[in-house]
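>>> Structure for the following, please:
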Amino acid sequence: MNDQITIRTEKLTKHYGDVKALVDLDLDVREGEVFGYLGPNGAGKTTTIRTMMDEIRPTSGTSTILGMDSHEMSVEIRNHIGYVPGDLAMYPNLTGRDTVTYFSNLRGGVDWDYVQELADRLEADLDKKIGDLSSGNRQKVGLIQAFMNKPLVLIMDEPSSGLDPLMQREFQKLVREVAANGTTVFLSSHTLSEVQRVADRVGIIRRGKLIALEAVADLRSKGIRKVNIFYDGDMDADVLRPLPGVLDVRVDDHNVVLSFDGRMETLLKVVTERFHVLDISTEEANLEEIFLTYYREEEVGV
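Numbers count the residues shown, from 1 in each chain. Down below sits the predicted model:
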């Protein structure tokens with residue numbers, strides 16, 4: 001990965017009437033980077049991608065891919081990218097091979113040995129009609145058409161949707177391999193474990209606004225821990241919420257789970273003085289817990 005910018009958005013905004021689907025999005029994604037774009041359904045992920053791909057026009061702001069304006073040079077841009085839309089639609093009466101051939105012809109031909117390699121790795125049956133395939137197997141055909149021309153940029157909206165866990169792992173290996181060869185990958189997902197495995201940086205979007213933009217390694221090193229407290233008797237969780245470092249508190253039948261980035265001795269002192277504690281365990285928070293912590297903090301501020 002180097003410092004050359006492959007994807008850039010500046011104040012990218014999209015309104016649908018009174019609905020602010022995307023608000024002043026500023027992003028730079030570098031060459032060879034795997035960028036994870038996180039948020040639940042309705043957060044603005046698909047609107048971002050569709051705007052960058054010139055499928056819809058922004059209300060204001062601009063986006064560029066490979067230095068080319070997404071609207072003015074949209075046809076040229078498509079010669080250099082692979083794309084998996086969130087609403088992947090293909091002709092049901094064509095076979096997978098027919099579908100790949102169709103996309104190949106649009107791009108001036110592809111390396112069919114590489115197509116077969118992709119099909120083998122994803123265990124895709126290209127001889128069945130699209131309409132006879134499960135959603136996961138249709139998704140494999142969509143992934144093949146995105147990867148097969150060895151694009152400079154891959155833009156994918158929920159690309160592992162419908163894939164079983166083994167195929168998700170194979171897809172993740174493919175992503176890391178192409179990124180190592182210089183391809184920029186923009187990966188929109190709500191599958192946090194996937195993003196944690198493959199992404200270099202993540203952007204977290206909520207209600208159309210970017211609320212966090214950090215390297216995955218930096219997120220993981222923030223010191224946020226998951227603390228489980230098992231207790232007997234009564235516990236007033238409101239005593240814990242004001243403590244420095246307590247980010248989130250959940251109570252469930254004599255078990256308190258909290259996200260914590262403060263000093264453990266402070267937490268232990270309060271807990272052991274106030275409650276009859278049976279056991280305490282801590283573990284490093286994963287990306288999902290960090291993500292939920294960001295969302296809950298934002299909710300408090302709404």
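>>> would you list every one of the helices in the stretch 101-250 of the chain?
Residue ranges of the helices in the stretch 101-250 of the chain, as given by DSSP state H, counting those that start in this stretch, are 112-122, 135-147, 165-180, 192-198, 216-220.
>>> okay, these, which one's buried deepest?
helix 135-147 (a mean of 23; mean count of other CB atoms under 10 Å). In short, each C-beta sits where N, CA and C put it, glycine included.
>>> Let me have the helices of the stretch 101-250 of the chain in JSON lines, extended by distance to Ala89.
Putting these into JSON lines (distance: least, CB to CB, whole Å) gives the following:
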{"stretch": "helix 112-122", "distance to Ala89": "19"}
{"stretch": "helix 135-147", "distance to Ala89": "9"}
{"stretch": "helix 165-180", "distance to Ala89": "20"}
{"stretch": "helix 192-198", "distance to Ala89": "23"}
{"stretch": "helix 216-220", "distance to Ala89": "32"}
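>>> which outside residues touch stretch 15-22?
12-14, 44, 47-48, 51, 58-59, 207-208 (CB atoms under 8 Å, 6 or more residues apart in numbering).
>>> can I have stretch 40-50 written out in PDB, keeping just the CAs?
Only the C-alpha atoms of stretch 40-50 are listed here, as PDB (Å, rounded to 0.1, in the frame of the first residue of the first chain):
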ATOM      1  CA  PRO A  40     -26.100  -1.300   9.700                       C
ATOM      2  CA  ASN A  41     -28.700  -1.300   7.000                       C
ATOM      3  CA  GLY A  42     -30.000   2.200   6.300                       C
ATOM      4  CA  ALA A  43     -26.800   3.900   7.500                       C
ATOM      5  CA  GLY A  44     -25.900   5.200   4.000                       C
ATOM      6  CA  LYS A  45     -23.400   2.600   2.800                       C
ATOM      7  CA  THR A  46     -25.200   1.700  -0.400                       C
ATOM      8  CA  THR A  47     -26.000   5.300  -1.200                       C
ATOM      9  CA  THR A  48     -22.300   6.100  -0.900                       C
ATOM     10  CA  ILE A  49     -21.400   3.400  -3.400                       C
ATOM     11  CA  ARG A  50     -24.200   4.100  -5.800                       C
END
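>>> Setting the sequence-adjacent residues aside, check what's closest to the most centrally placed residue in the chain.
When CA atoms, centre = their mean is applied to the chain, the residue found nearest the centroid is Ser189 (3.1 Å). Counting by CB to CB, 6 or more residues apart in numbering, Val195 is the residue found nearest to Ser189 once chain neighbours are left out, at 5.4 Å.
>>> Hmm, the one you found is touching Val185, no?
No - using CB atoms under 8 Å, Val195 is not in contact with Val185, being 11.0 Å away.
>>> Return the residues in contact with Asn228.
Neighbours of Asn228 in contact, by CB under 8 Å, 6+ apart: 255-257, 279-282.
>>> Ile7: how many residues sit nearby?
Neighbour count of Ile7, defined by other CB atoms under 10 Å: 22.
>>> show me what contacts Phe147?
With contacts defined as CB under 8 Å, 6+ apart, Phe147 is in contact with 82, 118, 154, 174, 178.
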